[in-house]
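[1] Sequence and predicted model, in that order:
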Amino acid sequence: MTLAEKVNFHILHEGALLFVISGPSGVGKDSVVKALKRRPAKFHFVITANTRVPRPDEVEGVDYFFVSKAHFEEMIKNNELVEWAHVYGDYKGVPKSQIEGALASGKDVLMRLDVQGAKKIKSLYPSAILIFLLPSSEEEWRRRLEERAREQGTDVDMDIRIEKMKEELATLGIFDYAVINADGQLNQTVETILAIITAEHHKLV
C-alpha cells in the first residue's frame, strides 16, 4: 500500500474560512481590522452598513456603508440583510451582497461585528470562527470610551455600557478565541489573530 493510500492528504482546511472579529464597544475592533488590512495576507473584508455618523478617519465603502435610518429600514423591509441590530440608537447590519461576494472570493473572509451580530452569523454559518476582543482592564476600556466620546463631542452613559458589556461577556461560550487588545499593543493583537488563522488552517477536519 502506498503512502497516498494510507493517508488522506486532504485532512486540513485548505479552503477559505470565515472569521468574525467581535467584542464590546470600545475594545478596538475597527483598529484591529484596519491593521489587518495593512498586512500582506490576502483576506476578503466584509463591509457592514451603519447608520451612525462617520468618525473623522472613516471612509465610505471602505470602513462601512454609512446610510440613513430610513434607507436602512428599507433594506430590512426588502430582506437585503443577512443580519442586523439596533444598538445604542443606531442600526448596523450585513448586506447579503457582501456575504455572497465574500464566499465567491476564494479568500479567507473577515467580518467585524458586534456581539449580537456575531451570534447571528454563527447560527447561519456554524463553521464561522469567532474571535472575541477584550481590553486589558475595565479601567482601560472606560478610558477608551470616554476619549472617543470627547473626540466626537458626544456623551457616553457608562452605566448602560457596563450593563451591555456584562451581557456580552456572558456570551463568551459561543466564541472560539478570546484575544486581549491592550493599549499600545495593536501589533501583538494582530499577530495573535494571524496565528489563530494559521492554526485554523492546520486543524484536522
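    Thanks, I have it. Because the structure is predicted, anything quoted here is derived from the model rather than measured. Numbers count the residues shown, from 1 in each chain.
[2] helices and strands around the strand or helix carrying Tyr91, which ones?
    With elements taken from DSSP states H and E, the one containing Tyr91 is strand 90-95. Applying 3 or more C-beta pairs under 8 Å, 6 or more residues apart in numbering; DSSP states H and E, we find strand 90-95 packed against strand 49-50, helix 69-77, strand 81-87, helix 115-124. For the C-beta atoms, the positions are set from N, CA and C on the backbone; glycine is no exception.
[3] residue ranges of the helices in the chain, please?
    All helices of the chain, identified by DSSP state H, fall at 3-6, 29-37, 69-77, 96-105, 115-124, 138-152, 158-169, 186-201.
[4] pull the CA atoms of the fourth one into PDB?
    Coordinates of each C-alpha in helix 96-105 appear next as PDB, following Å, rounded to 0.1, in the frame of the first residue of the first chain:
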ATOM      1  CA  LYS A  96     -26.400  39.900   1.700                       C
ATOM      2  CA  SER A  97     -24.400  41.100  -1.300                       C
ATOM      3  CA  GLN A  98     -21.300  41.400   0.800                       C
ATOM      4  CA  ILE A  99     -21.600  37.800   2.000                       C
ATOM      5  CA  GLU A 100     -22.200  36.500  -1.500                       C
ATOM      6  CA  GLY A 101     -19.100  38.300  -2.800                       C
ATOM      7  CA  ALA A 102     -17.000  37.100   0.200                       C
ATOM      8  CA  LEU A 103     -17.900  33.400  -0.300                       C
ATOM      9  CA  ALA A 104     -17.200  33.700  -4.100                       C
ATOM     10  CA  SER A 105     -13.700  35.300  -3.500                       C
END
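[5] residues in contact with that helix?
    Ala16, Leu18, His44, Val46, Ile47, Thr48, Glu80, Leu81, Val82, Val109 (C-beta atoms under 8 Å, 6 or more residues apart in numbering).
[6] how about those in TSV, adding neighbour count?
    Shown next, in TSV, are those (neighbours: other C-beta atoms under 10 Å):
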residue	neighbour count
Ala16	16
Leu18	20
His44	18
Val46	21
Ile47	19
Thr48	22
Glu80	16
Leu81	21
Val82	21
Val109	22
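[7] Including distance to His71, could these go into JSON lines?
    Compiled in JSON lines, those are given as follows (distance: C-beta to C-beta, whole Å):
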{"residue": "Ala16", "distance to His71": "30"}
{"residue": "Leu18", "distance to His71": "27"}
{"residue": "His44", "distance to His71": "24"}
{"residue": "Val46", "distance to His71": "19"}
{"residue": "Ile47", "distance to His71": "15"}
{"residue": "Thr48", "distance to His71": "14"}
{"residue": "Glu80", "distance to His71": "10"}
{"residue": "Leu81", "distance to His71": "12"}
{"residue": "Val82", "distance to His71": "17"}
{"residue": "Val109", "distance to His71": "25"}
